[in-house]
Each structure stands twice: as C-alpha cells, then as structure tokens.
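*Asks:* Prediction below, plus the sequence it came from.
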Amino acid sequence: MAAREREAEYPPSKRARHEPENGERPDRADDGGREKASSEAVDRVVVAIERLGEQGKGSLQDNIERVAEHIMREIGDHAPVIVASLVDCAATKPDRTSVYSTLVGLINAATYDTGKEVVLQLSSRLQACLEECDFTPARSLVRFIADLGNASVLMPGSVVALLETLVAVSEEVGVPQSRVDEYIGMALEVLPWVGRDLCERAAEPFNRLMSNIEDYIGRRSTDHIRHHAVFTIDTPEQADALEVTWAQVSGLQKREWKETAITRPYIFFDDVLVTSSQHDLPSVSIPPHSLKSTYPHPKVAFRIFGPGDTPEDCTLPPSRSVERLIYEAKLRETFYSFSSNVGLCASEIAEAIYSMRRVPLNYLAVEVLLGDMLALPQSRAPTAFYHAVLAELVRTTAPFADALTLGMDHVFHRLDMMDVECAAAFAQWVGHFLNYYGFKFRWELWFDVVAVAPDMPQSVFVREALIAMTELSYIERVQKELPEQLAPFLPEAPEPQFKYGSADSATRKVLLIEEISKAVRNKMMTLALVAPVVDSITEIRRVTDIGSAVPAIVEEEEESEERLAEQRLEVYFSCVLNVGSKTMSHLRIILQRQLEALEYYVKTPESRGLVLRVASAYWVKSPLMQQCAIGHLLRNRVIEPSTVVDWVFAPEQVELFCRRFVWNILFDTLDLCGRRAAAADADAGAASVCQDSLLMVLQHFSAVLNERLVQPGEDQAEHRGWALAATGRYLQLCRRYCRAPYFRDAMPTVADAILPDLHPVAAAMLRGVTAVE
C-alpha cells in the first residue's frame, strides 16, 4: 500500500498526535516499515524460485514466465539475494535443471548484467565444490552450466571448454582411477542435454572430446566390479556404471542426439531467448590430486527386472538406452533433493510414477531405491531414510507396491549369488518393512527354504529377517502371524540366562546373590559399600551349566585366590546384568552406576575377557542386548577393542560367523577406535591404535580362514555356507576400512604384513580392494 493511501485511512486528528509540528513524519518508523516490506517481498521471490517446477496450478511454461516477471520487479533492490537463490537451486535441485536454466535465460534476456552475475556466481560455486571434493553439487552445477547453452545464456565454446577441462583429467599420471572416473562421469552425464547443440555449433572440438572419452573408457580397469557388485555372478546387467553410461550416451550419438525423455521448457521461449546476448564462462580449473582428496566409490549397475516383468503396453527402456539413464537420474535426483522429508520425497516420486503412464517408472523406482540402499561400500543416504520412503510409497502408491513385491521376490531367489553384506542389509530392511505392515506377507514364497541347509544364504536370510522383526515387535506377535512351516527359523524368546537364580532359596549362595543384587540396585551404593559384599564370596558353586563363563569347580577342590577372584567377578557382574535386564535403558543406567566398581575389579586382560563372556552368556538369546551391553562396556573402557577381537575369533564364536550381530559388534568396535583417534587427533599415537586393531583383526581372521577354507579348485563340501559367509564378511571388512579415516593409511602396511600367510581367496580379495581404493 502506498504511503499516501495509508495516510488517507486515518483522520488528521489521530495522525497529529504522532507527527512533529512541521508536519513531517518520523524517518525511523518509515524506514523500518519499508525495510520490513522489502524483506517480505524478497522472501516471496526466493520461495517462488525454490518451488518452481513443483506440481501445482498452471502449466510449467506459465509458471516459469510468472516467476521471471516477479523476479524482474524485485531485481533492482535484491539482485544478490535472488542470484544466490538461483545458484543454490542449480546446485541442490538437479531434477529441475532445465526449468531453472530457462528461468535464467529469461532473466538474461531482460537484463544482461544479472545474467552475467549468475554466470560468475555459478563458476565460483563450481570451483569451490571441486576444491572441496564436494562432487554431488558439482555434478548438478556442471549440467546446469551446460544447459545454459541451450537457453542462450552461454556460448557453445564455453560449454565445450568446460567439458574439455573435465576430460583432461584422464591424461594425468599417477592418480587414482576413481578421480578420473568422477570427472569423466561428470562430463558424460551432461551430454544428453547438450550433445545435439554442441554437435551442430562446435562440431570439431566436440568430436575430439568424445574421442578422448572413448579412449579412456577403453583402457580403464573394471576389476572393482567383483568387489562392489550387489550380485557376485558376472552377468551383462552387472556392468560397471561408467561403462553403461558411455554405452547409453554413445548410443544416443548414433541416433544423432535425438531423444524425448528430457523436459526442455526453453523451447517455448525460443523467440525471446535467441535475441539475448550470450556470455563466456570464466575458466574453471581442476584442483590437483593430494593425499587428502577423496572421490566417490566406483559404482556397479543394479538390475533386477527384465522385459517380461512389466505389462506388455508399458515396457522398460533397454538397459543401455539413454532413456534409462535419464529416467533413473530423475528418480534418483528427486529422492536426494527431498532427502529431509519422507512424506514429500515419497509424494514427488509417486507424482513422477503417475505422470508417465507409458514408462514403468514404478519398476525403475524400485531398482533405483533398492540399488542405492544396497550400494557398496555404503549407501549415500541413511539406511533408515530408504526404509521410511519405501514404506510410504507402498502405503500411497499401488503401482509401486506391486513392483516392490516382485522385486523382493527376485532378490530373494538370487540370495545365493548376492554379496553377504548386501544380503544382511536386505534381511534387515525386510524385517523392518514387514513389521511396519503388521507382518502381512505371502509367506509361502519362503517355504522352499525349509529344505535348505541352515548355513546357506536363503536360510540365513529368513532367520535374520525374523530376528529383525522380533527386535522391533514381540516374538509372540511374530509367532502368531508366521506359518508353522517357518517356525523352525523363529529365534528363541530373548530371555536372560541368569544361572544363579534357580537354586533352593534357603541356600547360602542364593542369599548372597540376593544381597549383591540389593547392593547393585541401591542408587547410593558406592564402591566402598559394594566391595565388602562382593569380597565376602568365599565359595559358590554352579547351580546350572547354562552359559558358564568360568570352568566348573569340583566341590572338593580347594579354591585358589585367582580362581576365587574370577568367581567373585562373575557372580558380581552377573548380578549387575540381571538387575538391568528389564530394558536397554535399565541396562545402560545400571552399568553406568556400577562403573567405578567395574573399573576396580576389571584390570587385567583375563578379567576383561571374563566380563565379555559373562555378558555374552547372559544375553545368549538376545543378540540386540548383547550388542548394547558390549558397546557400553567398550565406550566406558571397561573392556578394550582387543578383548572383543579375541572373543569374536574364539573357537566357540567362529561357528556364529553366519550371524549378523557378531559382525555388528566387531565393526562397532573398529569404528569406536576410529572415533577415538579422531578425538585425539593431536596425539601422534592415535593412528597407530587403529593400525594395531586392524592388524589384529585381519591376523585372527586370516588364521581362521586358513584353517577352514579349502584350496582353490577343490570342492568346499564341508562348511560351504560358513565359507560363503566368512569370505563375504572378510571382503566387507577390507572394503569398509580401506577408505575409513585413520585406517586408510594403515591398510597397505597391514596388507604387506599378512599377505604372505593368507589363504589365496582372502589374499585376492585384499589385493583387489586395496588396488581399487
């Protein structure tokens, strides 16, 4: 509202009390009102820019034109804020590249200086991303900058020069292949957007560019496929992702760059854009490689659906067609653009599925989401977010639910050729998914597993999926829904095993147990009060052999001081666990409260091992509580990482290598070493702790593999399922810590130390992973 109109609303008599005698209004209030109105106006512009391209009223063409007009009304006073918003959207919303390039094209046509400023800011932002090895926004910016050539903002020569700069990395010597792959992939992925224009307007340098890319693709190694593929059997679908992208782009080149999968709104404004002046992109330099540089892991294509899986009138684009590349990129970019909001992310993906009836995006969405969730060596987003989005899509999108059900069945029947780490992650997701939907499932799909050996992949999967369900629900609830054919796979009730609780209540030992438990429950009980009760133990015999952590003692045998100390510690710590057995929260509180006493009694490697074995025996039927108890003891330094390593590779634990919880505990232990090293970064010995821990793990693991695995060429008839699980976990261990901070530098030294005595299968894995990384 104008100032004169505002004044007309109020009678002069009411205004006079607030105005000076000369009739002039106070400047401060007027300035404050203008600033507030100005701030609100620019906020509305920024919101309009950020929401451009979302599903709503009006056509995309009209919405772009309306936002452009809105920007031009406010650009005079708020150019820096508006330009920054445009650059942010270009970097973080790659699924709307052409929408924003068209918007910038219209702005550039109206005001050359603003267009120039956008180009300068884009160049600076891209340079900063490359310097920081932040390649996700860098890929988005490169595509956006290239697409500005289509919107008549940049000269074709500038676009070709940028792509040539990226491809020139392939000529570097002595750099990791992952570095070259990233820059080549960055250039390749923009070609479907700009290939036709560059082929027509800058043919010679563009053809040279394509030739250089082809030369690199032909000479690069693809050994990483067997270490980063979800499925371990070589098939045409299990191809290197960069090679697949090259096949898709080169196929488009043979079709003279003609495609219909990309939305290009700038063609509606061609009569306006062709009249605008174009800019030259400031040069972008590629930062040199250094030891601190990090690059994305090599990727392997994930395919589970074939032509016969979709309806006849809605077929999947061929695996090596550019349409497959574009549709998968759109789904993946939509997922990551909304990775902070489950509901909105699922809504956008569902909208994409329903908007393209002739393309089975529901099947492609299943492949993209499952493939990214199971990606090796780790998924890009938190696993829980994939779980939540998949569940929301099933709830709201019927076509997606049908495709996901078929996809689950395909993966289940390929478990015997699936990477062990991926199979474990898939079992965990299935457990969460079925729990979310009340265990409503076609259980008959799993009935064939009854005839499979218990240590083979499909049996392990069903058991681990049911464990995941019971950890999120109640075992009685799962048991009620589970058919009796699968009952043998259901875990035991997760009850604690307290071996001192079944004796005659009149005996002295039970009275003593009750006295110790009472002392542990006392919130004010200190070491000075606990110690006399514990030290009063002079004899206590086994009531039962359940989970015995200390060898049985014969009644007539006279107690040695060392054996008596072990007895005291076992009895005391068993009581501590029993008092805290109600929930994980109770357990953590009790352990924290008894920390002083534990530090007093647990001082030697033998006592640390005893405490760990007692915790494992007490929670032998509850892997989740085992993890909780051992993790708390580790974090509070009651036990050491070496204690856990010795326990994991003890003979009785080796038989449990097919169980997920064992590896969760081991990896949590190594991760804790890394976090401690990071916290003590100034300490010169911090990295050596990680190196010693990793060396110890690999040495123990190698000894077990040497003992159990047959030589290459021989039939692993005995322990076949165990061998698959063990070698798979060994590969996961190498893959996980080859790049982890504080382990990465130690890996070559560790590998050199153990390779001479390593089993050939494990040695090939270790060499392969270290070479790739």
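*Replies:* Done, it's in. Numbering: from 1, shown residues only.
*Asks:* switch to C-alpha atoms for all contacts and neighbour counts from now on
*Replies:* Will do.
*Asks:* Could you check which helix or strand contains G728?
*Replies:* Using DSSP states H and E, G728 sits within helix 720-737.
*Asks:* so how far is that helix from its chain's centroid?
*Replies:* 20 Å (C-alpha atoms, centre = their mean, to the nearest Å).
*Asks:* Quick check: which helices or strands does it pack against?
*Replies:* In terms of contact count using 3 or more C-alpha pairs under 8 Å, 6 or more residues apart in numbering; DSSP states H and E, helix 720-737 is assigned the packing partners helix 420-436, helix 686-708, helix 760-772.
*Asks:* Name the spans of the stretch 551-700 of the chain whose pLDDT lies under the cut-off.
*Replies:* Along the stretch 551-700 of the chain, segments meeting pLDDT under 70 span 551-559, 681-687.
*Asks:* That one: helices as residue ranges?
*Replies:* For the stretch 551-700 of the chain, helices defined by DSSP state H, counting those that start in this stretch occupy the ranges 561-579, 584-593, 595-601, 605-618, 623-635, 641-648, 651-654, 660-679, 686-708.
*Asks:* do the same with the stretch 201-350 of the chain
*Replies:* Using DSSP H, counting those that start in this stretch, the helices of the stretch 201-350 of the chain run over 203-219, 225-228, 241-254, 270-273, 322-337, 342-355.
*Asks:* Could you list which residues are in contact with the spatially most central residue of the chain?
*Replies:* The centroid of the chain falls nearest to S379 when counting by C-alpha atoms, centre = their mean (3.1 Å). Each residue near S379 by C-alpha atoms under 8 Å, 6 or more residues apart in numbering is listed here: D372, M373.
*Asks:* What does it show for phi and psi?
*Replies:* Here is the backbone geometry of S379 (degrees, to the nearest 10): phi -80, psi 160.
*Asks:* pLDDT wise, what is it at?
*Replies:* S379 carries a pLDDT value of 90.
*Asks:* For burial, what's the neighbour tally of E444?
*Replies:* Applying other C-alpha atoms under 10 Å, we find 10 other residues in the vicinity of E444.
*Asks:* nope, A493 is what I meant
*Replies:* The burial count for A493: 12, using other C-alpha under 10 Å.
*Asks:* so A403 touches P360, yeah?
*Replies:* No - if you go by C-alpha atoms under 8 Å, A403 and P360 don't touch, sitting 9.4 Å apart.
*Asks:* Tell me the confidence at the nearest residue to M469 once chain neighbours are set aside?
*Replies:* Nearest non-adjacent residue to M469, counting by C-alpha to C-alpha, 6 or more residues apart in numbering: G431, 4.7 Å away. Predicted confidence (pLDDT) for G431: 94.
*Asks:* residues contacting I286?
*Replies:* By C-alpha under 8 Å, 6+ apart, the contact set of I286 is Q127, L130, E131, T165, L166, V169.
*Asks:* tell me which element the second one falls in.
*Replies:* When you say that, I think you mean L130. Using DSSP H and E, L130 falls in helix 112-131.
*Asks:* How about the fifth one?
*Replies:* Using DSSP H and E, L166 sits in helix 156-167.
*Asks:* and stretch 291-306, which residues are buried?
*Replies:* T294, Y295, H297, P298, K299, V300, A301, F302, R303, I304, F305 (16 or more other C-alpha atoms under 10 Å).
*Asks:* same deal with stretch 487-495?
*Replies:* For stretch 487-495, by 16+ other C-alpha under 10 Å, it's F489, L490, P491, P494.
*Asks:* Show me those residues that map onto strands.
*Replies:* Taking DSSP state E, every one of these sits outside strands.
*Asks:* Tabulate those in CSV, adding columns for distance to I349.
*Replies:* Supplementary listing: the buried residues of stretch 487-495 in CSV, determined by distance: C-alpha to C-alpha, whole Å:
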residue, distance to I349
F489, 36
L490, 35
P491, 37
P494, 39
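*Asks:* re earlier: relative to V769, how far out is the residue nearest to the centre of the chain?
*Replies:* Note on S379: its distance to V769, by C-alpha to C-alpha, to the nearest Å, is 18 Å.
*Asks:* before we move on, the earlier item: and the helices and strands packed on helix 720-737, which is most packed in?
*Replies:* Comparing the helices and strands packed on helix 720-737 by mean neighbour count (mean count of other C-alpha atoms under 10 Å), helix 420-436 ranks first with a mean of 21.
*Asks:* Quick one: residues in contact with that one.
*Replies:* By C-alpha under 8 Å, 6+ apart, helix 420-436 touches 230, 374-376, 387, 391, 415, 440-441, 457, 461-462, 464-469, 472-473, 660, 724-725, 728-729, 732.
*Asks:* Out of the residues you listed, which end up buried?
*Replies:* Buried among the contacts of helix 420-436 (16+ other C-alpha under 10 Å): 230, 374-376, 387, 391, 415, 457, 461-462, 464-469, 660, 724-725, 728-729, 732.
*Asks:* With that, I have no additional questions.
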